[in-house]
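Trainee: I'll drop the sequence and a predicted model, then ask my questions.
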Amino acid sequence: MRKLFFLLAVPFLMTACIKDEPNNTCQLTLSKAVAPASEIASVQNYLAANSITATQHPSGLYYVVNNPGAALTPTACSAVTVKYVGRLTNGSTFEDSNTNNPNGITFTLGQLIAGWQIGIPLVQKGGSITLYIPPSLGYGQNASGPIPGNSILIFTIELVNVQ
C-alpha cells in the first residue's frame, strides 16, 4: 500500500511545484488600414511618371515582388529579419540598414508601420519586395527624423529570416 501511495503522490507533488508560465500568446494582428483615394492617386502619379509597373494591394499600397522567396510567410507575431533601403520620391535615401547591419535587423512584424505589415507578408523567407507606401500607411502627417510629414515612402526590403 505504501508503494501505491508513493507512486501516486510523487507525480502530484512534482506537478504542484511547477510554476505557471506566463501566457506568451501573441495578441498582435496585421493592419487592415486603407489609404484614402487622394494618397493612392499620388502614388499612382509617381509610378506613372517614373514608368514603374507595380501591383496595387486593396489597402492602397503598391508593390513589386523582386523575388518571391520560399518556405515561411510571416504573420503579425513573427520576428522578421530584414535588410532594407528607404527612399523618398525625390530620390533621397533616408535609411539604409545595410550600412550598419549587414546581416539585417530583426523586428516583430505586427509592431511596424502598416505598409510593412501589409507588404512584407507578400513574400516569403529569402524574398525581396519594393513597397510604395502612401503616407497614411507610413508615418502619416507626422515627420519622422529625415522623413517629412505626408511622404510617400519607397522601401526595397529583403526578407532574410522569419521566426
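Mentor: That came through, no problem.
Trainee: Residues in a beta bridge with residue 156, which ones?
Mentor: With DSSP bridges as the criterion, residue 156 is bridged to residue 85, residue 130.
Trainee: That one contacts residue 127, doesn't it?
Mentor: No - taking contacts as CB atoms under 8 Å, residue 156 lies outside contact range of residue 127: 11.8 Å. C-betas here are computed from N, CA, C, even on glycine.
Trainee: what do these two both touch?
Mentor: Common neighbours of residue 156 and residue 127 (criterion: CB atoms under 8 Å, 6 or more residues apart in numbering): residue 66.
Trainee: what about residue 76, distance to residue 106?
Mentor: Distance, residue 76 to residue 106, using CB to CB, to the nearest Å: 15 Å.
Trainee: Compare residue 156 and residue 127 (neighbour count), which wins?
Mentor: When residue 156 and residue 127 are compared for neighbours, residue 127 comes out ahead with 20 against 16, by other CB atoms under 10 Å.
Trainee: Could you find the closest non-adjacent residue to that one?
Mentor: residue 69 (2.5 Å; CB to CB, 6 or more residues apart in numbering).
Trainee: any idea which helix or strand carries the one you found?
Mentor: Residue 69 is part of no helix or strand, with elements assigned from DSSP states H and E.
Trainee: How many neighbouring residues does it have?
Mentor: By the criterion of other CB under 10 Å, residue 69 has 20 neighbours.
Trainee: roughly how far apart are it and residue 142?
Mentor: Residue 69 is 32 Å from residue 142, where distance means CB to CB.
Trainee: next one: residue 27
Mentor: For residue 27, the distance to residue 142 - CB to CB - is 25 Å.
Trainee: before we move on, what about residue 48?
Mentor: Taking CB to CB as the measure, residue 48 falls 27 Å from residue 142.
Trainee: tell me the phi and psi of residue 150?
Mentor: phi 60, psi 30 (degrees, to the nearest 10).
Trainee: pLDDT value on the nearest residue to it once chain neighbours are set aside, please?
Mentor: Nearest non-adjacent residue to residue 150, counting by CB to CB, 6+ apart: residue 135, 4.7 Å away. At residue 135, the model reports a pLDDT of 98.
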